[in-house]
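Asks: what's the 3D shape of this:
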Amino acid sequence: MPFKRLIYYYYEKLLEKEVQKGAIPTHVGLILDGNRRYAKEMGFQNVNLGHREGAKKLDDVLQWCVEYGVKIVTIWGLSTENVGRDEDELKGLIAVIKEKIEDLFQNPVVRKYGFRIKVLGNLHMLPDELREVAKRAEDETKHNKNYVLNIAIGYGGRQEIVEAVKKAIRDKKTQSCEALADSITIDDITSHLYTNGIPDPDLIIRTSGEVRLSGFLLWQSAYSEFYFCDALWPAFRKIDFLRAIRSYQHRYRRYGK
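Replies: This is a model prediction of the structure:
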């Protein structure tokens with residue numbers, strides 16, 4: 001074993017022992033950033049090869065979540081802003097997402113460990129074939145109860161909150177605008193989010209060195225801990241994952257108190 005790999009091996013084992021002694025986040029959110037830069041660094045002529053490498057990385061991460069007891073994973077695969085990308089790249093990205101979702105409900109990790117797949121976002125803005133695959137993935141895994149994999153596609157945090165408020169208003173039966181405004185509560189909005197019934201994320205990880213949420217789970221992340229990792233998503237390693245959990249364990253969560 002080369003010396004560098006040997007060092008990584010022992011460092012990974014050290015991190016594992018440390019992480020196993022602390023509290024594990026129940027719900028981890030992942031902003032999968034850096035696929036295009038990875039493609040450029042690797043010299044790929046087609047940027048969608050970077051997206052394909054990123055899709056493969058998800059299998060590793062799901063396995064790590066099982067190993068360390070993370071029960072809920074939410075990944076952001078396609079934002080509402082991504083829909084405005086170059087047409088050829090967008091078609092390629094959507095094709096990668098479609099193929100990956102098809103793979104997931106037949107995936108050995110998903111099947112063996114019982115991941116339930118839930119697709120979040122404004123699916124009406126997506127092609128019919130992607131919506132159909134998303135629905136099939138949900139149907140095929142709806143009886144799985146051990147873990148949850150949320151896939152956010154056609155997703156934007158601001159849009160999600162606006163839609164939730166509209167739905168909450170439609171549910172109200174009041175006589176005036178003032179009474180309607182006074183009647184809206186936090187629970188009214190929360191119950192109409194895409195993530196209704198799912199605990200808020202304890203930890204959100206963003207790869208590629210960008211230090212912002214870019215609209216990911218804006219409402220749900222009010223008391224989440226954040227970890228920003230320099231590794232590009234396709235190059236995200238187990239030690240990066242363990243470092244994120246260790247960072248989470250070293251923080252004191254006050255929930256605003």
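Asks: so where is the stretch 1-150 of the chain shaky, pLDDT-wise?
Replies: Counting by pLDDT under 70, the low-confidence segments of the stretch 1-150 of the chain come to 1.
Asks: which stretches of it form helices?
Replies: Using DSSP state H, counting those that start in this stretch, the helices of the stretch 1-150 of the chain run over 3-19, 35-41, 48-68, 87-104, 108-113, 128-141.
Asks: and the longest one, what's buried?
Replies: If I follow you right, that is helix 48-68. Neighbour-count burial for helix 48-68 flags 48-55, 57-59, 61-62, 64-66, 68 (criterion: 16 or more other Cβ atoms under 10 Å). Where you see a C-beta, it was placed from the backbone N, CA and C, and this is true even at glycine.
Asks: and the strands in the stretch 101-250 of the chain, which stretches?
Replies: 115-120, 147-155, 203-206, 225-228 (DSSP state E, counting those that start in this stretch).
Asks: quick one, the first one and helix 48-68 angle?
Replies: Okay, so that is strand 115-120. Angle between the axes of strand 115-120 and helix 48-68 is 130 degrees (criterion: axes from the mean of the first three to the mean of the last three Cα atoms, to 10 degrees).
Asks: quick one: distance of strand 115-120 to the chain centre.
Replies: Centroid separation for strand 115-120 versus its chain: 11 Å, with Cα atoms, centre = their mean, to the nearest Å.
Asks: that older thread, out of the strands of the stretch 101-250 of the chain, the one nearest residue 90 is which?
Replies: strand 147-155 (11.7 Å; Cβ to Cβ).
Asks: identify the neighbouring strands of that closest one in the sheet and state each direction.
Replies: Next to strand 147-155 in the sheet, as set by DSSP bridges, lie strand 72-79 (parallel), strand 115-120 (parallel).
Asks: mind putting the ones you listed into TSV with distance to residue 166 and mean neighbour count?
Replies: Converted to TSV, those look like this (distance: least, Cβ to Cβ, whole Å; neighbours: other Cβ atoms under 10 Å):
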stretch	distance to residue 166	mean neighbour count
strand 72-79	20	23
strand 115-120	17	22
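Asks: can you tell which of these is closest to residue 44?
Replies: Among these, strand 72-79 comes nearest to residue 44, with 19.3 Å by Cβ to Cβ.
Asks: quick check: angle from the closest one to helix 87-104?
Replies: Between strand 72-79 and helix 87-104, the angle comes out at 160 degrees (the same axes, to 10 degrees).
Asks: gap between the closest residue to residue 66 other than its chain neighbours and residue 63?
Replies: Closest residue to residue 66 apart from its sequence neighbours, by Cβ to Cβ, 6 or more residues apart in numbering: residue 113 at 5.0 Å. Computed as Cβ to Cβ, to the nearest Å, the residue 113 to residue 63 distance reads 9 Å.
Asks: where does the stretch 151-257 of the chain have low pLDDT?
Replies: Short version for the stretch 151-257 of the chain, where the test is pLDDT under 70: 256-257.
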